[in-house]
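Novice: Generate a structure from the sequence data that follows.
(chains A and B)
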There are 2 protein chains.
Amino acid sequence: MNIDRERLIARLDTLGQIGMSDGARARLALTKEDKLGRDLVVSWMREAGAEVHIDSIGNIHAMLRGISDNAPVMTGSHIDTVKRAGALDGCYGVVAGIEVIDAFRRNNARPHHTIIVTAFTNEEGVRYSPDLLGSRVMTKDMGVSAALALISTDGERCGEELERIGYAGDRAPWDFLPAVYVELHIEQGPVLDVRRIPIGIVTGVQGYNWWKVTVMGRANHAGTTPMHLRRDAGDAAMRVINQLTERARRDAIPSVATVGTFTLEPGAINVVPGKASFTIDFRDPSNEGLATAEAELRRSLDALGDEGFTTTLSSLSRNPAVAFDEKLCKTIAQVAADRSLASLEMLSGASHDAQMLARVCPTAMIFVPSRDGISHNPDEFTMPDDLYTGAVVLLETIARLAARDAVS
Amino acid sequence: MNIDRERLIARLDTLGQIGMSDGARARLALTKEDKLGRDLVVSWMREAGAEVHIDSIGNIHAMLRGISDNAPVMTGSHIDTVKRAGALDGCYGVVAGIEVIDAFRRNNARPHHTIIVTAFTNEEGVRYSPDLLGSRVMTKDMGVSAALALISTDGERCGEELERIGYAGDRAPWDFLPAVYVELHIEQGPVLDVRRIPIGIVTGVQGYNWWKVTVMGRANHAGTTPMHLRRDAGDAAMRVINQLTERARRDAIPSVATVGTFTLEPGAINVVPGKASFTIDFRDPSNEGLATAEAELRRSLDALGDEGFTTTLSSLSRNPAVAFDEKLCKTIAQVAADRSLASLEMLSGASHDAQMLARVCPTAMIFVPSRDGISHNPDEFTMPDDLYTGAVVLLETIARLAARDAVS
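Specialist: Numbers count the residues shown, from 1 in each chain, chains lettered A, B, ... in the order given. Down below sits the predicted model:
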């Protein structure tokens, strides 16, 4: 069995045209652009010989019936996008999955286990919050009725939008729950590109904490206030931030700390800042790491209290770390090794539907390189060779998982 | 000779009423509020028996003729204000100076040297740039015609505004250049208040450099980019700032460093900043200290270049440090000591007309405490006892300087 390389690349390009306007691509969940993308993907699924099912949260399932009635082997991803998106984030996993089914069809190879390729609804979470909506509902992290009642950023009910675009299905999402789930995705980070390794074996998704921090000091004249009589809120905030980023830099475990916003008040060149406000995005592969970082951050802020500052720390969002299935990761590593492909065990810093599936079944992901680590950006790019290689590894992995006795 | 304590306090309060609106005080240079303040001050000068002269940049000179024709002894300050001002900044020195002349009048004491009390034009520099305009023109740092051609922030020519408010005089400003200059002022910083010392003897004005700094790195996804593959412009900027403020904190000499504005781009919680922009206000009592700090800042930024960042450093404003006259400082210290008043030698972090006068004659300043170091703010406050004490020290200092043989 093999992947149709030319068609894989061509289909990614074709799907990527939908939602293009003025050089930027937007195919937000349940918009008319999303409907056009869905219609195209469904046509490719049918062309590959799959049964297509739509569930009640709008997930699209392409099913290739196996010999057994056991729970299926699933792959998939999403085709909704962010506002200025590339053509690969999500789409790559769905289009490659369809090529996997098509490879079986072309070889008249009926799998022992049923194979499903799923395009999940509203993975990005740009138009409807929370993100990972389709996989979240399928794994019962959120109820169907609650999901259908969600209101979009432009004021539209999720259930009504699904009906409007023709993707309000009648099947229960959990009817499709698999025995095992593998998701193929671009890395969206620079690690594979920098190290020139074609295959990443994703052993888990980092957890994250998003915080908003304020430090209140005292505004003073910048000329007349000696350093030892100041309560410079900006200086204090930067000292806390330096502790946090130094720790992340030195840490053996790959935690990351980002301060993406920072403002000073009153914000004049010759006034000592009386208030500093900033956000922290802290990620760690283990929940212990997240808890330790939070405890250290709280200690740093408490220490500022001893210096006379007032501080607040509020959580904006948090997501626990997810560990993927070790045995499944080994299967993927073996597939790569059998084809003499270099591979690297790594963590995902971004969220994926796979982290919801990991709650209910053995799950892992396959990454391919992203040039310069750029994603969520029209400049997102992966070499066609790498796109092909990733699809080949997915095909072989799915083939092994769908064979008799592979999945208990 | 003595100071009329009740009248000193009452006049500061009366002058402080002019320009009040909704609890905030504004008497910007050459506005109708400034004219009302000037008219009031001129009436008090005449009441004190002084000849009043207006020069061509609008400085008001109250002259008490001495016995000799030598160059006069001058004191003074300004009555223009910032936009949300206290009642004391500048006004205190002018009103106390008028009380000094009045003390001579009440005692029928004719000084050996002529005494002049001057209210300088546009000290604050809020409506017309540069600041210290009246003293700057008097000391020939700027020509009269250039000064009169200045355009205010609201589009009005300085010369026309002087005519409009009736303060376009015909005397050359340098006709009034003194043999010695002493300025009484509130500290505008917390040092005397914290140490409960009534008299500050100002030995100089700190020089300052104002810079704008940009650091360009690379924006990246906060989740997928490991710390060692980032070029986080915000983190780099904060490291440079920490070096600068740590140095100012540790330094034996009282330099001060302030970062009053700081922005990150693109400014999203989950995006590694690609650009950081900030300002630095660095002050030091010596020009060597200013130069050393600038050299160290440039080295820090160059080091960021080695890490792959692009940086820019542009000067927004700079003013050299000014040393006041040692002998004159000793005279003031002796006056304080003779009255058993604690005094402290200190530097001024703010700009004053005295720094222009210091270019042409022996100059010094006397500071009184500012509660909590607050100034340029309606909450600016000095205890009446301290205001009185400062005026007494000014009177005695002027009396000694105006005596025969005191000034060569």
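Novice: just the helices in chain A please.
Specialist: Ranges of helices in chain A, per DSSP state H, are A:5-17, A:32-47, A:91-106, A:133-138, A:144-148, A:158-165, A:191-195, A:233-250, A:287-306, A:326-338, A:354-357, A:384-402.
Novice: Just name the most buried of those.
Specialist: Each of the helices of chain A was scored by mean neighbour count; the highest is helix A:133-138, a mean of 28, by mean count of other Cβ atoms under 10 Å in any protein chain shown. Heads up, the C-betas are built off the backbone N, CA and C, glycines and all.
Novice: looking just at contacts, which helices and strands does that one meet?
Specialist: strand A:115-120, helix A:144-148, helix A:354-357 (3 or more Cβ pairs under 8 Å, 6 or more residues apart in numbering or on different chains; DSSP states H and E).
Novice: closest one to residue B:114 among the ones you listed?
Specialist: Closest approach to residue B:114 among those (Cβ to Cβ): helix A:354-357, 85.8 Å.
Novice: tell me how far the closest one is from the chain's mean position?
Specialist: Centroid displacement of helix A:354-357 relative to its chain, using Cα atoms, centre = their mean, to the nearest Å, is 10 Å.
Novice: who's in contact with it?
Specialist: Outside helix A:354-357, the residues within contact range by Cβ atoms under 8 Å, 6 or more residues apart in numbering or on different chains are A:74, A:132, A:135-136, A:138-139, A:141, A:178, A:181, A:183, A:202, A:205, A:322, A:324, A:363-365.
Novice: Please produce CSV containing the helices and strands packed on helix A:133-138, extended by distance to residue B:118 and mean pLDDT.
Specialist: CSV is the format used below for the helices and strands packed on helix A:133-138 (distance: least, Cβ to Cβ, whole Å; pLDDT from 0 to 100):
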stretch, distance to residue B:118, mean pLDDT
strand A:115-120, 78, 98
helix A:144-148, 76, 98
helix A:354-357, 74, 97
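Novice: Residue A:249: which of these is closest?
Specialist: Residue A:249 lies closest, by Cβ to Cβ, to one member of the helices and strands packed on helix A:133-138: helix A:354-357, at 25.8 Å.
Novice: Residue A:126 and residue A:83 touch, don't they?
Specialist: Yes - with contact defined as Cβ atoms under 8 Å, residue A:126 reaches residue A:83; the gap is 6.4 Å.
Novice: hey, what's in contact with both of the two?
Specialist: residue A:28.
Novice: quick one, which of these two is more surrounded?
Specialist: Ranked by neighbour count (other Cβ atoms under 10 Å in any protein chain shown), residue A:126 and residue A:83 place residue A:126 first, with 19 against 13.
Novice: okay, the residue nearest to residue A:176 when sequence neighbours are not counted: pLDDT?
Specialist: Leaving aside its chain neighbours, residue A:176 sits nearest to residue A:61 (5.1 Å; criterion: Cβ to Cβ, 6 or more residues apart in numbering or on different chains). At residue A:61, the pLDDT value in this model is 98.
Novice: partners of residue A:61 in the sheet?
Specialist: residue A:53, residue A:118 (DSSP bridges).
Novice: In contact with it, which residues?
Specialist: A:52, A:53, A:54, A:55, A:116, A:117, A:118, A:176.
Novice: Can I get those in TSV including neighbour count and distance to residue A:281?
Specialist: What follows is the contacts of residue A:61, written out as TSV (neighbours: other Cβ atoms under 10 Å in any protein chain shown; distance: Cβ to Cβ, whole Å):
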residue	neighbour count	distance to residue A:281
A:52	16	38
A:53	18	37
A:54	19	35
A:55	24	33
A:116	26	34
A:117	30	32
A:118	31	29
A:176	20	33
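Novice: Which of those residues sits closest to residue B:216?
Specialist: Checking the contacts of residue A:61 against residue B:216 by Cβ to Cβ gives residue A:118 as the nearest, at 41.8 Å.
Novice: For residue A:354, see how far away that closest one is.
Specialist: With distances taken as Cβ to Cβ, to the nearest Å, residue A:118 is found 11 Å from residue A:354.
Novice: Which of the helices of chain A sits closest to residue B:395?
Specialist: Residue B:395 sits nearest to helix A:233-250 of all these, at 41.8 Å, using Cβ to Cβ.
Novice: residues from the stretch 51-200 of chain A in reach of chain B?
Specialist: A:187, A:188, A:189, A:190, A:191, A:194 (Cβ under 8 Å from any Cβ of the partner chain).
Novice: what about the nearest residue to the fifth one once chain neighbours are set aside, neighbour count?
Specialist: Nearest in space to residue A:191, with sequence neighbours left out and distances taken as Cβ to Cβ, 6+ apart, is residue A:346 at 6.0 Å. Summarising burial for residue A:346: neighbours were counted as other Cβ under 10 Å, giving 23.
Novice: which residues sit in contact with residue A:346?
Specialist: Residue A:346 neighbours (Cβ under 8 Å, 6+ apart): A:187, A:191, A:192, A:200, A:201, A:202, A:203, A:367.
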